[in-house]
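Asks: Whatever this is, show me its structure:
(2 chains)
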Amino acid sequence: MAEIRFAGYGGQGIIRSGIIAGKAASIFDSKYATMSQSFGPEARGGACSSQLVISESKVLYPYITNSDVLVAMSQAGYDKFESEMGEEAMLLYDEDLVKPKPPRGKILAHAIPATRFAEELGIKIVANVVMLGFFTAITNLVTYDSMKKALPGLVPEKALPLNLKAFERGYEYGKEILAKKQSNKGNK
Amino acid sequence: MKSDKTGVLTGSHILSGNEACAEGALAAGCRFLGLYPIMPSLEVSQRFLQRAPEVGATFIQMEDEVSALAAVLGASWTGKKSMTVTSGPGFSLMMEHLGLGVMLETPCVIVEVQMVGPGLGLPTHPAQADVMQSRWGSHGDYEIIAYAPSSAQEMFDFTIKAFNLSERYRVPVALMSDAHIAQLKESVVIPSADQIHIEPRRYFDGPRDSYLPFKRDKDFVPRMVDIGQGYRFHVTGLTHDDRGYPIMFEECQEYNVHPLVKKIRDYVDEIVDIQETKTDDAEVVIISYGSSSRAALKAVEQARAKGMKIGSLKLNTVWPFPDARVSELAEQVKAFVVPEMNFGQIVQEVERNTYGKANVLFLHHGDNGVEYTDDILAAAEKASLMTETKCGIIEWKKGST
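Replies: Next comes the predicted model:
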């Protein structure tokens, strides 16, 4: 079982990220998943987060007790949910938007300039999908194929090719990072 | 979204509890929604409205919840399966017409997404504090049927069951959801239309001059006709005779009102829907319903892994209450643990049925709404070690050992 928190601010597609990953896991990976969300009264700019629980068996308790993964797309989101991370959790963050504290315990931190990549692709609202690509490569909690299958219907049809490109960008970057960290380990 | 013409959206979907409820209603054949919007129940209406043109359903936003339920009762008498959707304060406003629906024996479903009260409370935080209201909220003597879903799948399944029982017993059926389940997104598997059991309305098809709208069958449930079919009949919220005209004698309570109670009470075994997990050898049974039952079931899983004999009784229907089964279990177990997102409602029913034979530990509304598994587990562990049996409800304090 894995408990995942996506945190950011309204308008970044934080809640959508949870739904996409949840759909990938439960519809296409044949696992079980629950997704819940919380957001303030503001439509945009306010703190928002979504909780995703992915499990091989039926998810009984659908809320996070200790997160296994925190995906932080804003400093406020990181600050609020840092303490919730378990001792061996993974932190994925947008390096231009979040400055994390030195990691505690065995927490592994992985950074990506997701929003910058999205801007390079032409529009920054796909930053969440870049992040989802990164998330897929790093965590292995959902499969690459399922994530790509989950996108249609959850992003505007017109923007699907762009979203797929954004997903690839994040995924490739994640793979590079992992390979680099692997070879660093080898060198030591 | 594409459904067949029956309105059934067959397949696997990611739906919120609210969306699943709307799909359940459409699959059950509901074609009328009377509503007054309120969070956290709104997505039920939204989804229903989105799908309404495709399946030929009608909806109306009324001026308030009083009239929303009135519209539903009227629509039901035209032969349309009907429902309304609300939350806390709106449910309070519906109490008058809940009683009318009971008196007119009108099949319909009331979906209530519970949030904290009283008054306006803390919108839109989840609670389970309206379960007693669903049973006792309207004046006079009556019995009601109420479901308590605990997942998006159950929101779908129980909505269909609610419609079926409302037709079978000619009574408004409440679906007591809460803000957790309403907003939680999960996969929901919707079977094909021919796999879904739909209880047909019990119609009268005799000659027009012989129809008596409140003449009871031997199971106390009268036959219906639709308004507009050409039958002449009368319905009133006053006590009435078989023709539906007011009769105002003391005897009417026995003649008219007692059957409203008996048609449910005498069929409790058919209506009660409970789900037991590892109760066979249990020393402690956690009794829960709705979203709290998810934490309860997780506690059972963890307890069993530690070798503790703990089981769960989950109430799929909260009303009528499974008196017989709970009192039977009271002979077997040392204690019941009852977690609820309120300050003590269904726990009173549990305690009433133990006759002092088992301890009853109560866990009340937590700061985060759904009780934490750890608290339930700690309470169950403590309960299993109790050597004395005390009468009354033992309030479990967080952090006690």
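Asks: which residues in chain A form strands?
Replies: Along chain A, counting by DSSP state E, strands occupy A:2-9, A:32-39, A:47-55, A:67-72, A:85-94, A:108-112.
Asks: Keeping just the C-alphas, turn the longest helix seen in chain B into CSV.
Replies: Longest helix of chain B, by residue count under DSSP state H: helix B:152-169. Extracted C-alpha coordinates of helix B:152-169, given in CSV (Å, rounded to 0.1, in the frame of the first residue of the first chain):
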residue,chain,number,x,y,z
ALA,B,152,-18.3,5.1,-3.9
GLN,B,153,-19.3,1.6,-4.9
GLU,B,154,-21.8,1.4,-2.1
MET,B,155,-23.2,4.8,-3.0
PHE,B,156,-24.0,3.2,-6.4
ASP,B,157,-25.3,-0.1,-5.0
PHE,B,158,-27.2,1.2,-2.0
THR,B,159,-29.0,3.9,-4.1
ILE,B,160,-30.4,1.2,-6.2
LYS,B,161,-31.4,-0.8,-3.1
ALA,B,162,-33.0,2.3,-1.6
PHE,B,163,-35.2,2.7,-4.7
ASN,B,164,-36.1,-1.0,-4.6
LEU,B,165,-37.1,-1.0,-1.0
SER,B,166,-39.0,2.2,-1.3
GLU,B,167,-41.1,0.6,-4.1
ARG,B,168,-41.5,-2.7,-2.2
TYR,B,169,-42.6,-1.1,1.1
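Asks: Is the helix or strand following that helix in proximity to chain A?
Replies: As assigned by DSSP states H and E, the chain's next helix or strand after helix B:152-169 is strand B:172-178. No. Strand B:172-178 lies out of reach of chain A by C-beta under 8 Å from any C-beta of the partner chain, never closer than 12.5 Å. Every residue, glycine included, has its C-beta placed from N, CA and C.
Asks: Next, the angle helix B:152-169 makes with strand B:172-178.
Replies: For strand B:172-178 against helix B:152-169, the angle between stretch directions is 170 degrees (axes from the mean of the first three to the mean of the last three C-alpha atoms, to 10 degrees).
Asks: What lies in contact with the next helix or strand after strand B:172-178?
Replies: Moving toward the C-terminus from strand B:172-178, the first helix or strand encountered (DSSP H and E) is helix B:179-183. With C-beta atoms under 8 Å, 6 or more residues apart in numbering or on different chains as the test, helix B:179-183 has contacts from A:36-37, A:62, B:16-18, B:21, B:40-41, B:43-44, B:87, B:113-115, B:124-127, B:149-152, B:154-155, B:290-291, B:369-370.
Asks: same question, stretch B:385-401
Replies: B:334-335, B:337, B:344, B:347-348, B:351, B:356-364, B:366, B:375, B:378-379, B:382.
Asks: Of those residues, which are in range of chain A?
Replies: Answer for the contacts of stretch B:385-401 near chain A: none qualify (C-beta under 8 Å from any C-beta).
Asks: Which ones among these map onto helices?
Replies: Those of these lying in helices (DSSP H): B:347-348, B:351, B:375, B:378-379, B:382.
Asks: List only those of the residues you listed flagged as buried.
Replies: With burial judged by 16 or more other C-beta atoms under 10 Å in any protein chain shown, the buried subset of the ones in helices among the contacts of stretch B:385-401 is B:347, B:351, B:375, B:378-379, B:382.
Asks: Partner strands of the lowest-mean-pLDDT helix or strand in chain A, with direction?
Replies: Using mean pLDDT, DSSP states H and E, the weakest-scoring helix or strand in chain A turns out to be strand A:32-39, at a mean of 86. If you go by DSSP bridges, strand A:32-39 pairs up with strand A:47-55 (antiparallel), strand B:185-190 (antiparallel).
Asks: can you pull out the strands in the stretch 201-350 of chain B?
Replies: B:274-277, B:284-289, B:310-315, B:317-319, B:335-339 (DSSP state E, counting those that start in this stretch).
Asks: Kindly reformat these as TSV containing mean pLDDT and mean neighbour count.
Replies: Conversion of the strands of the stretch 201-350 of chain B to TSV gives the following (pLDDT from 0 to 100; neighbours: other C-beta atoms under 10 Å in any protein chain shown):
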stretch	mean pLDDT	mean neighbour count
strand B:274-277	98	16
strand B:284-289	97	29
strand B:310-315	98	26
strand B:317-319	98	24
strand B:335-339	96	29
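Asks: Now the element after the helix or strand hosting residue B:92, going C-ward?
Replies: According to DSSP H and E, residue B:92 maps onto helix B:88-93. As assigned by DSSP H and E, the chain's next helix or strand after helix B:88-93 is helix B:95-103.
Asks: So chain B: which segments form each domain?
Replies: Split into domains by automatic domain parsing, chain B comes to B:11-195, B:274-395.
Asks: tell me the most buried of those?
Replies: domain B:11-195 (a mean of 22; mean count of other C-beta atoms under 10 Å in any protein chain shown).
Asks: helices or strands next to the helix holding residue B:92 in the packing?
Replies: Applying 3 or more C-beta pairs under 8 Å, 6 or more residues apart in numbering or on different chains; DSSP states H and E, we find helix B:88-93 packed against helix B:65-77, strand B:108-114, helix B:131-136.
Asks: Of all these, which one comes closest to residue A:135?
Replies: Set against residue A:135 and scored by C-beta to C-beta, these come closest in strand B:108-114, at 31.5 Å.
Asks: I'd say residue B:276 and residue B:322 touch.
Replies: No. Counting by C-beta atoms under 8 Å, no contact exists between residue B:276 and residue B:322, whose distance comes to 10.1 Å.
Asks: Quickly list what's touching both of those two.
Replies: The contact lists of residue B:276 and residue B:322 share residue B:313, where a contact means C-beta under 8 Å, 6+ apart.
Asks: From chain A, how far out is the closest residue to residue B:145 other than its chain neighbours?
Replies: Distances taken as C-beta to C-beta, 6 or more residues apart in numbering or on different chains put residue B:173 closest to residue B:145, at 4.6 Å, once the chain neighbours are dropped. Distance, residue B:173 to chain A, by C-beta to the nearest C-beta, to the nearest Å: 26 Å.
Asks: Hmm, residue B:32 is touching residue B:52, no?
Replies: No. Counting by C-beta under 8 Å, residue B:32 sits too far from residue B:52 to count as a contact (9.5 Å).
Asks: Check the contact lists of those two and give me the overlap.
Replies: Common neighbours of residue B:32 and residue B:52 (C-beta under 8 Å, 6+ apart) are B:58-59.
Asks: between the domains of chain B, which one is nearest to residue A:52?
Replies: domain B:11-195 (9.2 Å).
Asks: any weak-confidence spans in chain A?
Replies: Low-confidence segments of chain A, defined by pLDDT under 70: A:39-45, A:186-188.
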